[in-house]
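A.B. asks: predicted model, plus sequence, below.
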Amino acid sequence: MTSGNLADVAALFDGSRLTMGRRLAGLRKNALAAAVELTPAAISFYESGGKKPSAATVAKLAMALSVSPSFFLPDGSPHAPATAHFRSLRSTTQLARDQAEAYVQVVAEVSRVLERHVDFPPVRLPVRPVGADCADDTPERAAAELRAEWGLPEGPIPHTVRAAENNGVLVVFTPPQSASVDAYSVSRADRPLVLLNPAKDDYYRQRFDVAHELGHLVMHTDEEPGNNIVENQANRFAAEFLMPRAQIADLLPTRADWPRLAKLKETWGVSLQALLYRARQLGTMRDVTYRNAMTTISTRGWRRREPGTVLSVEQPSLLPRAVELLPPDLLAAESRIPHHLLDVVTSRTPVG
């Protein structure tokens with residue numbers, strides 16, 4: 001980029017874009033300041049808009065963050081507040097949360113650009129708020145309502161990611177550097193997002209993750225994320241969404257019948273552990289039987305990798321197909337997102 005263009009970027013510099021780029025890189029202000037030979041206070045001024053960087057500083061910032069200088073230009077889109085639902089706030093560092101939330105901004109920006117050129121399915125995601133003090137079967141009823149709203153047939157859901165995408169929910173994999181953060185979801189006014197961990201290459205657990213995050217999007221738009229009560233409600237939602245009581249209760253064994261459980265696993269596309277959880281939840285299996293079965297799961301090393309058919313994880317297709325319809329480089333030019341991140345956002349498979 002010429003010095004004249006750098007001067008233009010410096011004049012129009014958007015501090016929020018610097019914050020976004022820094023968080024995407026997983027850097028604190030002091031680390032970025034050291035990389036560009038400035039003070040953390042200077043970085044704070046640039047991010048808050050209290051001061052504009054020089055053209056030379058713009059070039060240094062772009063190089064340090066592996067973005068083009070034009071990345072720092074205003075994008076003109078409102079950044080509405082959105083709550084990200086992380087599984088555990090205690091085990092997720094602030095730096096990792098910041099990085100994950102910055103990636104959400106990237107996905108939202110990519111989506112906005114693509115929707116200028118390609119029609120996406122309308123969002124059909126009913127909101128059924130469930131408070132932390134809920135003591136009835138509201139999570140299960142919310143799951144049943146979503147299946148009905150989406151017109152899902154009785155029995156196993158063939159493809160959870162496709163069902164979500166067909167109803168306007170964006171599903172993407174996160175970058176490899178975010179593998180420490182489990183699957184999470186974000187309720188946005190324009191389009192809800194489900195973000196999947198790229199390191200979790202387990203077909204059965206991924207399906208439960210998608211259902212769990214759908215539960216958050218349906219039930220917890222206003223609830224504080226990360227607490228055990230909210231997470232348990234999302235698990236109950238996921239269990240009913242994937243294994244409706246009326247359709248699976250009579251199929252579940254009362255004891256740890258492993259051959260029978262293995263067949264149910266393949267039929268319903270859920271893990272052995274999810275089936276055991278469901279059997280205890282529905283009262284088919286006694287607590288002591290469930291605990292003994294889970295001990296066996298641990299002893300045999302099945303918590304990490306269960307026996308059975310190894311299937312590839314379900315693949316998102318909404319964003320990848322939209323990109324295929326556009327001229328090469330149009331998305332990069334209009335979004336100004338670095339190519340390496342665009343590759344992750346629009347990939348059908350985890351990028352390693």
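C.D. replies: In hand now; what should we look at?

A.B. asks: tell me where the stretch 51-200 of the chain has strands.
C.D. replies: For the stretch 51-200 of the chain, strands defined by DSSP state E, counting those that start in this stretch occupy the ranges 83-85, 170-173, 184-187, 193-196.

A.B. asks: indicate which one of those strands is closest to Asp136.
C.D. replies: With distances scored as C-beta to C-beta, the stretch of these nearest to Asp136 is strand 83-85 (21.7 Å). Just so you know, the C-beta spots here come from the backbone N, C-alpha and C atoms, and that holds for glycine as well.

A.B. asks: where does the protein have low pLDDT?
C.D. replies: 1-4, 77-83, 88-91, 223, 225-226 (pLDDT under 70).

A.B. asks: and the strands of the stretch 51-200 of the chain as a markdown table, adding mean neighbour count and distance to Thr295?
C.D. replies: Converted to a markdown table, the strands of the stretch 51-200 of the chain look like this (neighbours: other C-beta atoms under 10 Å; distance: least, C-beta to C-beta, whole Å):
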| stretch | mean neighbour count | distance to Thr295 |
| --- | --- | --- |
| strand 83-85 | 21 | 31 |
| strand 170-173 | 24 | 33 |
| strand 184-187 | 25 | 30 |
| strand 193-196 | 24 | 30 |
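
A.B. asks: format the ones you listed as a markdown table; extra columns: distance to Asp250.
C.D. replies: Output for those, formatted as a markdown table (distance: least, C-beta to C-beta, whole Å):
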| stretch | distance to Asp250 |
| --- | --- |
| strand 83-85 | 33 |
| strand 170-173 | 32 |
| strand 184-187 | 32 |
| strand 193-196 | 31 |
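
A.B. asks: who wins for proximity to Arg236 among the ones you listed?
C.D. replies: Between Arg236 and the strands of the stretch 51-200 of the chain, the tightest spacing by C-beta to C-beta is seen for strand 83-85, at 15.0 Å.

A.B. asks: I'd say Ala64 and Ala34 touch.
C.D. replies: No. Here Ala64 does not reach Ala34: they are 9.5 Å apart, not a contact under C-beta atoms under 8 Å.

A.B. asks: so these two - more neighbours on which side?
C.D. replies: Each of Ala64 and Ala34 has its neighbours counted (other C-beta atoms under 10 Å); Ala64 has more, 19 against 14.

A.B. asks: for Asp8, give its distance to Phe72.
C.D. replies: To Phe72, Asp8 is 11 Å away according to C-beta to C-beta, to the nearest Å.

A.B. asks: give me the more crowded residue out of those two.
C.D. replies: With neighbours defined as other C-beta under 10 Å, Asp8 and Phe72 compare such that Phe72 has more, 25 against 17.

A.B. asks: mind listing what the more buried one touches?
C.D. replies: Under the criterion of C-beta atoms under 8 Å, 6 or more residues apart in numbering, the contact partners of Phe72 comprise Val9, Phe13, Asp14, Arg17, Leu18, Gly21, Val58, Leu61, Ala62.

A.B. asks: how close does it get to Ala148?
C.D. replies: Relative to Ala148, Phe72 is positioned 47 Å away (criterion: C-beta to C-beta).

A.B. asks: do the same with Arg255
C.D. replies: On the measure of C-beta to C-beta, Arg255 and Ala148 end up 33 Å apart.

A.B. asks: looking at these two, which has the bigger crowd around it?
C.D. replies: Set Arg255 next to Ala148 and count neighbours by other C-beta under 10 Å: Arg255 wins out with 14 against 10.

A.B. asks: how about the nearest residue to that one once chain neighbours are set aside, phi and psi?
C.D. replies: Distance criterion C-beta to C-beta, 6 or more residues apart in numbering; nearest residue to Arg255, sequence neighbours excluded, is Thr289 at 5.8 Å. Note on Thr289: its backbone torsions stand at phi -70, psi -40 [degrees, to the nearest 10].
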